[in-house]
Structures are given as structure tokens and as C-alpha cells.
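Engineer: got a sequence here, can you build the structure:
(one chain, ligands or ions: 1)
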Amino acid sequence: MKSLSRLTEGLSQSDIRAVTARVNAVNGINLGQGICDMPTPDPIKEGAKSAIDEDKSIYAPYDGVDPLKERIVEKVKSFNRIPINGTQNVMVTAGATGGFTTAVFALADPGDEVIQFEPLYGYHSNLLTLRGVGQKTLPLHPPNWEVDFERLEALISQKTKAIVLTTPNNPCGKVWSRQELEQLLELLDRYDLYAITDEVYEYMTYEGREHRSLASLDGAFERTITLSSFSKTFNMTGWRLGYATGPERVIEKMGLISDILYICAPSPLQFGLADGFATEKSYYEQMLRDYDIKRTLMCRALESAGFDVPWPEGAYYVFASFQPLSEQPGFADDQQACQTLIDRAGIGSIPGGSFYSNPDDGQYLLRFCFAKEMHELEEACRRIETQLQHM
Ligand SMILES: Cc1ncc(COP(=O)(O)O)c(C=O)c1O
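Structural biologist: Residues are numbered from 1 along each chain as shown. Just a heads-up that it's a prediction; the model follows:
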């Protein structure tokens, strides 16, 4: 038979999905995949049920239904402080992933280049690869994940179209400071580049840190596409709803691309979300308090098992180094350590190499997700402390 497209040649199941399958096979606790298994807030569920009962089942406009877009406008103005005019600056996307896909299609042609920071989020780089966009990466190093702006500038070429920024970061939890964002903006301006910012963990910042959107800085809006999502904030990763904010001329094209790729994000769920969109501050405060407790639990358990742990500034992952354990059997590299944790403690994590263009750079790292129900996380931490200490 004729071969499949060349695009498919490099494709394989992501480490994240592969680990999930292996952890499920031993009925273990999966701290690998970044899914929050807490319940979706009731008002959102009720809203979706009503929308389904009312047969709001036909295709939505390609850029989203008005009631939801209006709620997004309010949120983006008040929380993100992004200077948008109205619904013409927002679109509902099929998750932040749909937003990233359409942003890449709107901004970059095959052969153009995009710069990312490492550790990186694999879906970003895989999509860029699928689209034939070249990638350059600037490594950030633990424990502070500081940005070397001179090295960043050296990566910019004639082909560079955009810089991708994830703050708070998955996997390392870095939260970009105002000063770092200003330095980045200075480069974007000087070299006339776009930024695509992935802010899906925007409500999860610890120890009093504040999330800042690049697009809120003076002069940044016209060159920044801001992506966010309901997936993480409202524990609804499977609903596939997110949104993008940006200048009208880009958002309009992204909407048209989204129409070609997906037609629209799921309509009844959009209506349901518009009804149930939790705007009360107390929801976000409670969520943050819960994650803060879980973060402490997870970091302490890994530290007591001998890991080197840079405590995350934001998001809900711990990207920890097991280098201090690397002399022990089963800890030679990230793949082996991941399997050792599954075999001996029934705990799923993600090998660090998944977050680097050269997997060797993540050789001694594992990512743990602490967005779990408390009782499950406690059991996972107990196992990490007891099973690993006794090896
Ligand atoms: C940085 C980042 N962006 C996007 C996503 C996916 O978001 P969505 O479910 O809205 O597509 C994830 C999920 O893990 C993520 O970590």
C-alpha cells in the first residue's frame, strides 16, 4: 500500500498518555497526566444540562457564542487587565490547544521559526513540528529558571515570527515577573515579533506571587495572543473549551482557521459555561488554598524521599530531580525512574525528557501533578515516602 503522509512519520503516543496506560494497568495512582480529577463546579454542570435540555445543539458561531464571549471579555479586562475593546478581541477555542493551533496557523508559515523556553510543553512543540515551523529553544535552569535575555536575543533570526511563553509554566512552575515580561517585550518590539502566551494556570500562583499577562503591559497587546482555558480552572479538561484574546486582525483569522479545523467548540457546553462561569473571588481563593496545601504535601514527600525539589511558583506540577538517587538501582535515567516508581509504588509520573528538545537534558527529572483529590494525593505521598525510602 502507499505510504502514509510524511507528517505521520515522527508521530507516536506521547509519554504522558503512555504512562497513563502503564499506571492504569497496575491500578496505580497517576500523578503523570495533568488532569485535575476534582469535580466540575455544579453551576457549570447545571448550565450545560439546561442547554442540552433546551436543545442548544446546533453549530455555534466559529468564534463562540455571544453570552460566553461577553463573560470572557469581563474576565480578561478585570483579571488579566488586558486592554481589549470587546468581543471582537476574543474567541472561544477548542481548549487552549485549539487556541494554540489556530494561533500558529495564523502567525507562522512552514519554514518560519518560533522560539520556546525549555523545559517546554510538548504539545506546543509537536504542533509546531506538524505545521513545519522551525523551533529554537532557550534553556532555563533550576532552581530559579532565570531567563538569559542575551542568549534569547541571539536565537532571533530573520525567520523568527514569534516567541511562545507559558506562565505559570508546565512543567517547572515558573511564574514570569513583570520585569522579565518587560524585557521580553523590549525584544519583541525591537525585532517586530509576536508572542503567544499560554496562561492556562493563571489562577495558580503561590506565596503571594501575582500572575501577569504580557498583553497587559503598555504596547504589548498588538503583538500578543493570550491563550487561556476553562480546563484547569474549572476541572473540565474533557469539555474542550478555552479562549484566545488578541488584536482583532489576528483573532479574526484565527476564528476562520478554527472554522476550517473544528467548525466550532461544543455549543451546549459553551452556553452552559456562560451561565455557570464562576466569577466570585471566593471560588478562586479556595482553589488556590487547596492547591497550596497539596503543593506543600507533594514537595515535602519528594524531599523526604531524597529528591531535589525546586518548589513551583505556580501551576500544579512539581518538576523534581532524582539525581541524588541516581546511584540506586532503577534510577539510572528518567525513563527507568518513571518505571521504577510505577513498579514499586504504583505511582505514575512523567519522564523529564518529554519536556526537552534533547531528551537527555531531562535525564534526572520527573514531573508530578498534584491536582488530585486530597485522599488520593495523601496516599500517593505516603507511598513515595515509604516505598522509596526503603529501597
Ligand atoms: C501549558 C498547557 N497548555 C495547554 C494545556 C491544555 O489545555 P486545554 O485542555 O485547554 O487544551 C495544558 C494541559 O496540560 C498545559 O499544561
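
Engineer: quick check, residue 62 in a strand?
Structural biologist: No - under the criterion used here (DSSP: H, G, I helix; E, B strand; the rest coil), residue 62 is coil, not part of a strand.

Engineer: count the residues that sit near it.
Structural biologist: Look at residue 62: counted by other CB atoms under 10 Å, it has 19 neighbours. All C-beta spots, glycine's among them, are computed from the backbone N, C-alpha and C.

Engineer: likewise for residue 147?
Structural biologist: So residue 147, with other CB under 10 Å, has 18 neighbours.

Engineer: tell me where the stretch 101-250 of the chain has helices.
Structural biologist: For the stretch 101-250 of the chain, the helices defined by DSSP state H, counting those that start in this stretch cover 122-131, 149-155, 178-191, 248-262.

Engineer: who wins for proximity to the ligand among those?
Structural biologist: helix 122-131 (6.5 Å; CB to the nearest ligand atom).

Engineer: what is the mean pLDDT for the closest one?
Structural biologist: For helix 122-131, mean pLDDT is 93.

Engineer: and it, how far out from the chain middle?
Structural biologist: 14 Å (CA atoms, centre = their mean, to the nearest Å).

Engineer: would you mark the buried spots in that helix?
Structural biologist: 122, 123, 124, 125, 127, 128, 131 (16 or more other CB atoms under 10 Å).

Engineer: which residues touch it?
Structural biologist: 7, 10, 14-16, 97, 100-101, 104-105, 108, 110, 114, 116, 134-135, 164, 166, 198, 354-355, 357 (CB atoms under 8 Å, 6 or more residues apart in numbering).

Engineer: flag every residue of the stretch 101-250 of the chain that's near the ligand.
Structural biologist: Applying CB under 6 Å from any ligand atom, one finds that the stretch 101-250 of the chain approaches the ligand through 121, 166, 170, 198, 200, 229, 231, 237, 242.

Engineer: what's the farthest-apart pair in those?
Structural biologist: 166 and 237 (16.4 Å; CB to CB).

Engineer: settle it for me: which of these two has more neighbours?
Structural biologist: residue 166 (25 against 20).

Engineer: quick check: bridge partners of the more buried one?
Structural biologist: In this entry, residue 166 is beta-bridged to residue 198, by DSSP bridges.

Engineer: and for the residue of the chain found nearest the ligand, the neighbour number?
Structural biologist: Closest to the ligand within the chain is residue 95: 2.6 Å, counting by CB to the nearest ligand atom. Number of residues near residue 95 (other CB under 10 Å) recorded here: 23.

Engineer: ok, it touching residue 227?
Structural biologist: No - in this structure residue 95 lies outside contact range of residue 227 using CB atoms under 8 Å: 9.3 Å.

Engineer: what touches both of those two?
Structural biologist: With CB under 8 Å, 6+ apart as the test, residue 95 and residue 227 both reach residue 242.

Engineer: from the residues of the stretch 101-250 of the chain next to the ligand, which land in strands?
Structural biologist: With DSSP state E as the criterion, strands contain 166, 198, 229, 242 from among these.

Engineer: where does the stretch 201-350 of the chain have low pLDDT?
Structural biologist: In the predicted model, the stretch 201-350 of the chain carries pLDDT under 70 at residues 278-279.

Engineer: let's see that with 80 instead.
Structural biologist: With pLDDT under 80 as the threshold, the stretch 201-350 of the chain has low-confidence stretches at 276-279.

Engineer: could you pull out the strands for it?
Structural biologist: If DSSP state E, counting those that start in this stretch is used as the criterion, the strands of the stretch 201-350 of the chain fall at 224-229, 242-245, 317-321, 347-348, 350-351.

Engineer: of all these, which one comes closest to residue 375?
Structural biologist: Per CB to CB, nearest to residue 375 of these: strand 347-348, 15.0 Å.

Engineer: direction included, what does that closest one pair against?
Structural biologist: strand 29-30 (parallel).

Engineer: who touches the strand it pairs with?
Structural biologist: Taking CB under 8 Å, 6+ apart as the rule, strand 29-30 contacts 19, 20, 23, 24, 346, 347, 348, 372, 376, 379, 380, 383.

Engineer: what mean pLDDT does it have?
Structural biologist: Strand 29-30 comes out at a mean pLDDT of 93.

Engineer: that older thread, what about the contacts of helix 122-131, which are in strands?
Structural biologist: Per DSSP E, these map to strands at 114, 116, 134, 135, 164, 166, 198.

Engineer: and the pLDDT at the spatially closest residue to the second one that is not a sequence neighbour?
Structural biologist: So the one you mean is residue 116. Excluding its sequence neighbours, the residue lying closest to residue 116 (CB to CB, 6 or more residues apart in numbering) is residue 164, at 4.7 Å. As predicted, residue 164 sits at a pLDDT of 98.

Engineer: neighbours of residue 25, just the number please.
Structural biologist: Residue 25: 9 neighbours (other CB under 10 Å).

Engineer: quick one, grab the pLDDT at it.
Structural biologist: On the pLDDT scale, residue 25 gets 87.

Engineer: and for residue 88?
Structural biologist: So residue 88 comes in at 97 (pLDDT).

Engineer: OK, contacts around it?
Structural biologist: Applying CB under 8 Å, 6+ apart, the residues near residue 88 are 248, 251, 252.

Engineer: could you dump those residues to JSON lines with neighbour count?
Structural biologist: As requested, the contacts of residue 88 are exported to JSON lines (neighbours: other CB atoms under 10 Å):
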{"residue": "248", "neighbour count": "14"}
{"residue": "251", "neighbour count": "23"}
{"residue": "252", "neighbour count": "16"}
